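S.K.: fold the stuff below for me.
(chains A and B)
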Amino acid sequence: MRDPAHSLADAIISKRVSRLEGLSAPYPRRNSILSDISECDRQMVYSVLEWEKKPLAGPDLQARFEAGKSFERDVVRELLDLGFSFEKSQLPVQIKNRAGEIIATGKIDGMIKFEGVNIPVEIKSMHPQIFQTIKSADDFQKRPYLRKYTRQLQAYMFGNSCEWGLFIVGDFLGNWRLLPIALDYGEAESILQRLERVHEAIKKKEYPNRIVYDQSICGKCPFSTICLQDIVNTESEFVDSVEMDSQIERHEELKPLASEYDSIHENLKESFKGKSKVIINGRWLIQSIPSKRTTYELPKEVEEEISEIKKQYAVKVPVERMVIEKLSRGEK
Amino acid sequence: MANTQEIIEQDPLAEEELDLLPTDTGVVAGALSIEDQLSLAENIVKLVEAQNKIRMALLGLAQIGDWVVFGDDGKEKAELNFAGAMRIGSTLGCSFTNWSAEKENGTDERGTWFRWNYECDAVFRGRTVRVYGRASSRDKFFGKAHGEFKQIIDVDEGNIRMAARRGAMKEGVKVLFGLHHMDPNELAKLGVRLEHATNVKFKGRANESEETKTVTVQVKEVTIKKGETWLKYSVVDSSGVVYYTFSESFATVAKAAKESGGKVNISYIVDKFGSQIKGIENA
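M.R.: Numbers count the residues shown, from 1 in each chain, chains lettered A, B, ... in the order given. Model prediction:
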């Protein structure tokens, strides 16, 4: 005989899974959705023309969506409790092309009127580990699905003629991060061009060319089963080198020591700041040796001017990051 | 009607594990020609060395949880799951090209069914094998709920297609790198830890499988419930968890362990009556 507590646990799980499965349903799309502006035009066309072929969210993923909706409601309630005016919640937004056709739709989480200015607000929740890596709106550029967040808010800001927007990001542990973002006309124009391109393809029922295979985009694409993109991976080289082996071994041994050194060094610098000579336990002499370096004390308006000039010359250049992973046969 | 259209805010689809049993995948083409065999004979030693090097590296890439152990005592085989196969395939540089997908429809006594068959060329260092993955609305994972087959309309075709495609990729990695039906003991000798691997035992001819879990516990109590034609034994462990069996021999092992105070390894499945003991031995 199964004890009642275990039976109850089973009953709860069973009902919860059924409920979550019931919430996961396919929805038709007639046009692109502003929260789902991908880097791949083809994927966006599939989202509209082949919407029914998208795999349904499983119970775990659906539970994650529900938690996100719940977080959004909690944030709005707290903002209102704090005395902020959270208005136009779930306000529909339409983007039209020059011919007046709707090319994309979306819903703003809300607007806060502050100091006479309407600021669109987008509320996002994420895994605590991802949350830790997001310190500013620029950090959304790190992952394809986070880049969609920026495009979404940029589109809302553009559609509502707002110069500024705000992300409220949470980690499900009660921590919030408030990330302001300025309207970027270049980005907004690029989003509009993409939406128009996709709209034209949808009208003609034509699928844009596949992008060059990118694991971070194609690897998680819900339409990979109909796109049938070739998956081309670069082959690893196999090198035998005792010297490299020992260098890497030593590199990995020193890594924790290097970060410990940095931390202690900063701590000591802070402790002896402004003290010209200190002797510790008769063993160590710590001196602050005066020297000079050039600094630029720019007025705020000059800094802003320079920042604007720099923006014009901003280009993305390919960089490489070396990552060393020890192959440990299942011990990771 | 565009103004009244419902707008659904979509987050990206998370990576989900849609794994297949090994019988659902296979090789279409890629067997060696005579020329290939002659070339192989000339270079066999070098090739073995190269393969061993690759194998040692790739076994290091797989992580705990990337292996599934199939079969019964003494006949277990370890198989890579999709996540493990992709970790190995993408790192070593296995490519998957020339995809094709085909849907097969049919009808049987339970109604209509469909099956997706995905094929691709799996390529590594000039070697190409044509592999396939299949999944259908009759698969237990996709087509059944609460022990009953779902109506065809309720079956998620998108996930079935995803599983078939992933099955083909997994098969490609396993064929190219010789990772089919691995002996758990050999893997253990190479330092691969399998104690956290999912253990799946096959049940009967129907090829159905149920997940078997194993625990090591101290027996606190063994009780008997008598029916008209049966005796049901309940084994209670020191944490109060109850396992049941109709096997007198299992109950005898449990009773002996209770008296000696020693621990037992219990393998069990969870069915609608609770945790049913499938095997018990002294730890």
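S.K.: how near is the residue lying farthest from the centre of chain A to chain B?
M.R.: What lies farthest from the middle of chain A is A:Gly282; by C-alpha atoms, centre = their mean that is 52.1 Å. Computed as C-beta to the nearest C-beta, to the nearest Å, the A:Gly282 to chain B distance reads 51 Å. No exception for glycine: its C-beta is placed from N, CA and C like everyone else's.
S.K.: quick one: that residue and A:Ile306, what's the gap?
M.R.: Distance, A:Gly282 to A:Ile306, using C-beta to C-beta, to the nearest Å: 50 Å.
S.K.: what residue ranges in chain B score low on pLDDT?
M.R.: Along chain B, segments meeting pLDDT under 70 span B:1-24, B:29-33, B:64, B:72-74, B:145-147, B:193-212, B:227-230, B:271-274.
S.K.: contacts only, for the closest residue in space to A:Leu79 that isn't next to it in sequence.
M.R.: Spatial nearest neighbour of A:Leu79, chain neighbours left out: A:Phe86 (5.0 Å); criterion: C-beta to C-beta, 6 or more residues apart in numbering or on different chains. Contacts of A:Phe86 were listed using C-beta atoms under 8 Å, 6 or more residues apart in numbering or on different chains, and they are A:76, A:79-80, A:110-112, A:121.
S.K.: for A:Phe86, grab phi and psi.
M.R.: Backbone dihedrals for A:Phe86, given as degrees, to the nearest 10, come out at phi -100, psi 110.
S.K.: quick check: mean pLDDT of the helix or strand containing A:Leu285?
M.R.: Taking DSSP states H and E as the definition, A:Leu285 sits inside strand A:284-287. Averaging pLDDT along strand A:284-287 gives 93.
S.K.: quick check, distance from that strand to the centre of its chain.
M.R.: 46 Å (C-alpha atoms, centre = their mean, to the nearest Å).
S.K.: helices of the stretch 201-332 of chain A, start to end?
M.R.: In the stretch 201-332 of chain A, the segments counted as helices under DSSP state H, counting those that start in this stretch are A:215-218, A:224-227, A:242-271, A:300-312.
S.K.: any chance of the contacts of A:Phe86 in a markdown table, plus secondary structure, pLDDT and neighbour count?
M.R.: Formatted as a markdown table, those follow (DSSP: H, G, I helix; E, B strand; the rest coil; pLDDT from 0 to 100; neighbours: other C-beta atoms under 10 Å in any protein chain shown):
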| residue | secondary structure | pLDDT | neighbour count |
| --- | --- | --- | --- |
| A:Val76 | helix | 94 | 18 |
| A:Leu79 | helix | 95 | 17 |
| A:Leu80 | helix | 94 | 11 |
| A:Gly110 | strand | 93 | 23 |
| A:Met111 | strand | 93 | 22 |
| A:Ile112 | strand | 94 | 17 |
| A:Val121 | strand | 95 | 24 |
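S.K.: and which of the residues you listed is nearest chain B?
M.R.: Nearest to chain B among the contacts of A:Phe86, counting by C-beta to the nearest C-beta, is A:Gly110 at 13.3 Å.
S.K.: tell me which residue in the stretch 151-300 of chain A sits closest to chain B.
M.R.: Distance from chain B to each residue of the stretch 151-300 of chain A (C-beta to the nearest C-beta) is smallest for A:Glu235, at 3.1 Å.
S.K.: and the closest residue to that residue other than its chain neighbours, what does it touch?
M.R.: In space, and not counting its chain neighbours, A:Glu235 is closest to B:Gly93: 3.1 Å by C-beta to C-beta, 6+ apart. By C-beta under 8 Å, 6+ apart, the residues touching B:Gly93 are A:233-236, B:124.
S.K.: got the phi and psi for the residue nearest the centre of chain A?
M.R.: Centrality entry for chain A: nearest residue to the mean C-alpha point is A:Leu146, 2.8 Å, by C-alpha atoms, centre = their mean. Main-chain torsions, A:Leu146, degrees, to the nearest 10: phi -80, psi -30.
S.K.: check B:Cys94 too.
M.R.: The phi/psi pair for B:Cys94 (degrees, to the nearest 10) reads phi -90, psi 130.
S.K.: you'd agree it is up against B:Ala122?
M.R.: Yes - counting by C-beta atoms under 8 Å, B:Cys94 sits close enough to B:Ala122 to count as a contact (6.1 Å).
S.K.: near chain B, which residues of the stretch 1-150 of chain A?
M.R.: A:1-3, A:6, A:27, A:29-31, A:33, A:35-36, A:53-58, A:60-61, A:64-65, A:68, A:92, A:94, A:102, A:105-107, A:144-145, A:148 (C-beta under 8 Å from any C-beta of the partner chain).
S.K.: if any of those residues are buried, put those into a ChimeraX selection.
M.R.: Burial among the residues of the stretch 1-150 of chain A next to chain B is assessed by 16 or more other C-beta atoms under 10 Å in any protein chain shown; the matching ChimeraX selection reads:
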select /A:2,29,31,33,35,36,54,55,56,57,58,61,64,65,68,102,105,106,107,144,145,148
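S.K.: sorry, back to before: please name the nearest non-neighbouring residue to the residue nearest to the centre of chain A.
M.R.: Nearest to A:Leu146 is A:Phe140, by C-beta to C-beta, 6+ apart, at 4.1 Å.
S.K.: picking that back up, tell me the pLDDT of the residue nearest to A:Leu79.
M.R.: pLDDT, A:Phe86: 90.
S.K.: ditto for A:Pro59
M.R.: As predicted, A:Pro59 sits at a pLDDT of 86.
S.K.: can you give me the neighbour number for it?
M.R.: Neighbour count for A:Pro59, taken as other C-beta atoms under 10 Å in any protein chain shown: 16.
S.K.: enumerate every residue touching A:Lys124.
M.R.: Going by C-beta under 8 Å, 6+ apart, A:Lys124 touches A:68, A:149, A:167-170.
S.K.: out of those, which sit inside strands?
M.R.: Residues of these located in strands (DSSP state E): A:167-170.
S.K.: helix, strand or coil for the residue nearest to A:Leu146?
M.R.: Here A:Phe140 is helix, with the state taken from DSSP: H, G, I helix; E, B strand; the rest coil.
S.K.: count of neighbours near it?
M.R.: 21.
S.K.: what's the pLDDT at it?
M.R.: pLDDT recorded at A:Phe140 is 93.
S.K.: again with the one 3 residues further on
M.R.: The predicted local distance difference test score for A:Arg143 is 89.
S.K.: A:His265 too?
M.R.: pLDDT at A:His265 comes out at 95.
S.K.: correct me, but A:Ala25 touches A:Leu56?
M.R.: Yes - between A:Ala25 and A:Leu56 a contact is recorded at 7.2 Å, counting by C-beta under 8 Å.
S.K.: contacting residues for the closest residue to chain A within the stretch 101-250 of chain B?
M.R.: In the stretch 101-250 of chain B, the residue found nearest to chain A is B:Gly158; the distance is 3.2 Å by C-beta to the nearest C-beta. By C-beta under 8 Å, 6+ apart, the contact set of B:Gly158 is A:53-56, A:222, A:225.
S.K.: can I get these in TSV with pLDDT?
M.R.: Compiled in TSV, the contacts of B:Gly158 are given as follows (pLDDT from 0 to 100):
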residue	pLDDT
A:Lys53	88
A:Lys54	88
A:Pro55	85
A:Leu56	85
A:Pro222	91
A:Thr225	92
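S.K.: so which of these is the closest to A:Tyr185?
M.R.: Nearest to A:Tyr185 among these: A:Pro222, at 31.3 Å, using C-beta to C-beta.
S.K.: give me the phi and psi for the closest one.
M.R.: Dihedral angles of A:Pro222 (phi, psi; degrees, to the nearest 10) stand at phi -70, psi -10.
S.K.: count of neighbours near the closest residue to A:Lys107 other than its chain neighbours?
M.R.: Nearest non-adjacent residue to A:Lys107, counting by C-beta to C-beta, 6+ apart: A:Gln90, 4.7 Å away. When neighbours are counted by other C-beta under 10 Å, A:Gln90 registers 11.
S.K.: so the residue of the stretch 51-200 of chain A found nearest chain B versus B:Asn81, what's the distance?
M.R.: At 3.2 Å from chain B, A:Pro55 is the closest residue in the stretch 51-200 of chain A, using C-beta to the nearest C-beta. Going from A:Pro55 to B:Asn81 by C-beta to C-beta gives 18 Å.
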